[in-house]
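**Student:** Structure for this input, please:
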Amino acid sequence: MKMEIISIFIVKGFKMNYKYYAKSNPIETIKTRIKSPASIMEKLERKGFELSVQSIKDNLDDVAGIRVICSFVDDIYKVADMLTNQDDIKILSKKDYIRNPKKNGYRSLHLVVEIPIFLSNEKKPMRVEVQIRTIAMDFWASLEHEIHYKKFSNSNVEAVKQLTECADVIYETDMKMLKIRKNLLDEED
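**Tutor:** So this is what the prediction gives:
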């Protein structure tokens, strides 16, 4: 709920501070998820951590996750800045897989943030993983996960190579779309 409220303020801030956003929303969609108990236990076991509530609090940053899908690459960084400039959100870590993609071509901006959650009788900090990416990056990541992780092992070198090539083409397309938008905005001036 807190993240949905934040997204409303981000959009209003964009519309006030950036000419382009007076007519559009930089956020296409916001997806949220809570890891299932089975997935939490599997991850703790895989990483060699104790299976306890305290271990979850101490060792997992992604029990709650939010994925913000933007239209353009520069929107990602603007959304991240506006989100992290909120006075009640604390950045714990940042991984920029857009400027430094993973070996397989994966691109996204990952933030682990701490936000306050309000319970019936108290306020507690909660860590949340926020992934911010473009529509194209999300398309690739979704299909790569379906194809690679569910169908192939990492030893399938040709599949990994082809997926990486697709990621590169998709990123080039993202950059072309950004350039087209910038050129159109320059024409309006």
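**Student:** in the chain, which spans are helices?
**Tutor:** Along the chain, counting by DSSP state H, helices occupy 2-17, 37-46, 53-59, 73-84, 135-144, 150-151, 157-188.
**Student:** Now render these as a markdown table, adding distance to Pro125, mean pLDDT and mean neighbour count.
**Tutor:** All C-beta atoms are positioned from the backbone trio N, CA, C, and that covers glycine. Rendered in a markdown table, the data for these read as follows (distance: least, C-beta to C-beta, whole Å; pLDDT from 0 to 100; neighbours: other C-beta atoms under 10 Å):
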| stretch | distance to Pro125 | mean pLDDT | mean neighbour count |
| --- | --- | --- | --- |
| helix 2-17 | 12 | 56 | 15 |
| helix 37-46 | 18 | 90 | 12 |
| helix 53-59 | 10 | 86 | 12 |
| helix 73-84 | 15 | 92 | 19 |
| helix 135-144 | 28 | 92 | 18 |
| helix 150-151 | 35 | 57 | 8 |
| helix 157-188 | 34 | 89 | 13 |
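**Student:** got those as TSV, with distance to Glu28 columns?
**Tutor:** Below are the helices of the chain laid out as TSV (distance: least, C-beta to C-beta, whole Å):
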stretch	distance to Glu28
helix 2-17	11
helix 37-46	26
helix 53-59	31
helix 73-84	9
helix 135-144	6
helix 150-151	25
helix 157-188	13
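**Student:** out of these, nearest to Ile66?
**Tutor:** Ranking the helices of the chain by their distance to Ile66 (criterion: C-beta to C-beta) puts helix 2-17 first, at 5.2 Å.
**Student:** do you know which of the helices of the chain lies nearest Ser93?
**Tutor:** With C-beta to C-beta, the closest approach to Ser93 among the helices of the chain belongs to helix 73-84: 11.5 Å.
**Student:** okay, the angle between the closest one and helix 157-188?
**Tutor:** 90 degrees (axes from the mean of the first three to the mean of the last three C-alpha atoms, to 10 degrees).
**Student:** Centre-most residue in the protein?
**Tutor:** Centroid-nearest residue in the chain: Gln131, 1.2 Å away (criterion: C-alpha atoms, centre = their mean).
**Student:** That one contacts Ile69, doesn't it?
**Tutor:** No - with contact defined as C-beta atoms under 8 Å, Gln131 does not count as touching Ile69 (9.1 Å).
**Student:** So which elements touch the lengthiest strand in the chain?
**Tutor:** Here the longest strand in the chain is taken by residue count, with DSSP state E as the criterion, and it is strand 123-134. Secondary-structure packing of strand 123-134 (3 or more C-beta pairs under 8 Å, 6 or more residues apart in numbering; DSSP states H and E): strand 64-70, helix 73-84, strand 109-118.
**Student:** quick one, what contacts the residue nearest to Asp61 when sequence neighbours are not counted?
**Tutor:** Distances taken as C-beta to C-beta, 6 or more residues apart in numbering put Val112 closest to Asp61, at 4.4 Å, once the chain neighbours are dropped. If a contact means C-beta atoms under 8 Å, 6 or more residues apart in numbering, then Val112 has 61-62, 91-94, 127-130 as its contacts.
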